[in-house]
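>>> pasting a predicted model and its sequence here:
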Amino acid sequence: MDYRLFEHTADIGVEAYGSTIEEAFENAAKGMFSIITNGSRIEPKEKRVINLAIDSDEEQVLVDWLSELLYINDVEGLVFGDFKVSIGKEFTGEAWGEKYDREKHGYGTEIKAVTYHMLQIKRNKKGFKIRVLFDI
C-alpha cells in the first residue's frame, strides 16, 4: 500500500508509506493529488522540478515539498501523478502531470494548505510512515 486517506474534523489527511523516506515523500504527494482529482488518472505530459535547501527537519521539508506542489497546482492549474524524490545535501523533487480537466479529473476536494497538525514521519521495520493533514 502506497498511501491511505483519512478524515479528521474539517480536514483530510494522508498516511503515506515507503521503504525509503524518498518513496514515502513521493507517496504523500500521490495521496495529496488523489484528493484533488478524486483518484482519477493523471498523464505525465509536463514536468516540474522542485529544489529545496535542507536547513531544517524532515517534517519541514515535507511541508515545503507538498506546499510547492500545491502552489504549482493553484498558479498553473497542473495536477501531478508521478513523482521522483532525491534527498541528499539538498532536496530535489520531480513531478509529472498535466493541466487539470474537470471532465477527466472529476470533482475532487480543493486543498487550501498543508498543515503541521498531527504531522509525523516515523521509521519502522518496513521503512517509513508519513502522516499529514490538509486544510480543505
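Nice, I can see it. Numbers count the residues shown, from 1 in each chain.
>>> host element of the residue lying closest to residue 115 once chain neighbours are set aside?
The shortest distance from residue 115 to any non-neighbouring residue, by CB to CB, 6 or more residues apart in numbering, is to residue 133 (4.7 Å). Every C-beta, even on glycine, is put in place using the N, C-alpha and C of the backbone. Applying DSSP states H and E as the criterion places residue 133 in strand 127-135.
>>> what's that strand packed up against?
strand 11-18, helix 21-36, helix 58-76, strand 113-114, strand 120-124 (3 or more CB pairs under 8 Å, 6 or more residues apart in numbering; DSSP states H and E).
>>> swap in 10 Å and give it another go.
strand 3-8, strand 11-18, helix 21-36, helix 58-76, strand 113-114, strand 120-124 (3 or more CB pairs under 10 Å, 6 or more residues apart in numbering; DSSP states H and E).
>>> ok, that strand: who's next to it in the sheet?
Strand 127-135 has the following sheet partners, assigned by DSSP bridges: strand 11-18 (antiparallel), strand 113-114 (antiparallel), strand 120-124 (antiparallel).
>>> ok, the residue nearest to residue 115 touching residue 112?
No. Residue 133 lies out of contact with residue 112 (CB atoms under 10 Å); the separation is 11.5 Å.
>>> among those two, which residue is more densely surrounded?
A side-by-side neighbour count of residue 133 and residue 112, using other CB atoms under 10 Å, places residue 133 first with 20 against 11.
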